[in-house]
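1. Quick one, structure for this:
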Amino acid sequence: MVRQREFDKEKALDDAMELFWEKGYAATSISDLTAIMGIQRPSLYATFGDKEKLFEAALRKYTNLHASLIRTKLQNTTSVKEAFRNLFEEMVEEEYKNKVSKGCFCINTIVELAPHDEKFEILTREHEMYLSVIFQETLLKGIKSGELESNLDVKALAQTLVVALIGITVLLKSHPERSFVDKSVNLILSLIKQIEESSD
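-> Next up, the predicted model:
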């Protein structure tokens, strides 16, 4: 028997993730995947299953990396308000640096597949909730430090910030006027102060 050539499975998955992220599920063919992953069809099917299973594996890897990156960014700044401002502003800045916006792989999946496929509806919803938990942890850190009021509705604000993050990310794919986005980000971040005041 001819032994199949071994390959780096994690690198192949990373390559598939990048391609799915750029083109989406429907526009990515098996031929596209084998070409960028540097493997033959039998190896792809034997290792990852069919195209849908490969996409699921790529999405799961992305959401883990994305959540970890966001948590790190929020934890690296002492001020909670400044941490959220940096998160949103850096996201906007990064998108305007690129001629073509890839957006967020998970959010792209929310738009493309979640309305029609229960599996991806659940997977993307899980990521949304996980981001909400990360945001809640950060807001609670602000309460503990005294930066935020103790009666702040942490869960409601965290969920609102997740909704805002998703909305802005989708909007950025059309490259709207920068001032339009910047003003929206400023208003969204002012919610932290507004909710504090309305809770008094």
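2. Remind me what the lengthiest helix in the chain packs against, helices and strands.
-> The single longest helix within the chain, with elements called by DSSP state H, is helix 118-145. Helix 118-145 makes packing contacts with helix 51-75, helix 80-97, helix 105-112, helix 154-172 when contacts are defined by 3 or more CB pairs under 8 Å, 6 or more residues apart in numbering; DSSP states H and E. Placement of C-beta: from N, CA and C, glycine included.
3. Now that helix: buried residues?
-> If you call a residue buried by 16 or more other CB atoms under 10 Å, then helix 118-145 has these buried ones: 120, 123-124, 127-128, 130-132, 134-136, 138-139, 141-142.
4. Distance from the chain centre to that helix, please.
-> Averaged C-alpha coordinates place helix 118-145 at 11 Å from its chain's average position (CA atoms, centre = their mean, to the nearest Å).
5. Excluding covalently adjacent residues, which one is nearest to Phe88?
-> Nearest-residue entry for Phe88: Val185, 4.9 Å, with adjacent residues in sequence omitted and distances by CB to CB, 6 or more residues apart in numbering.
6. still on that earlier bit, which of the helices and strands packed on helix 118-145 has the highest mean neighbour count?
-> Across the helices and strands packed on helix 118-145, averaging neighbours per residue (mean count of other CB atoms under 10 Å) puts helix 105-112 on top, at a mean of 21.
7. who's in contact with it?
-> By CB atoms under 8 Å, 6 or more residues apart in numbering, the residues outside helix 105-112 that reach it are 17, 20-21, 24-26, 58-59, 62-63, 66, 102, 120, 123-124, 127, 166, 169-170.
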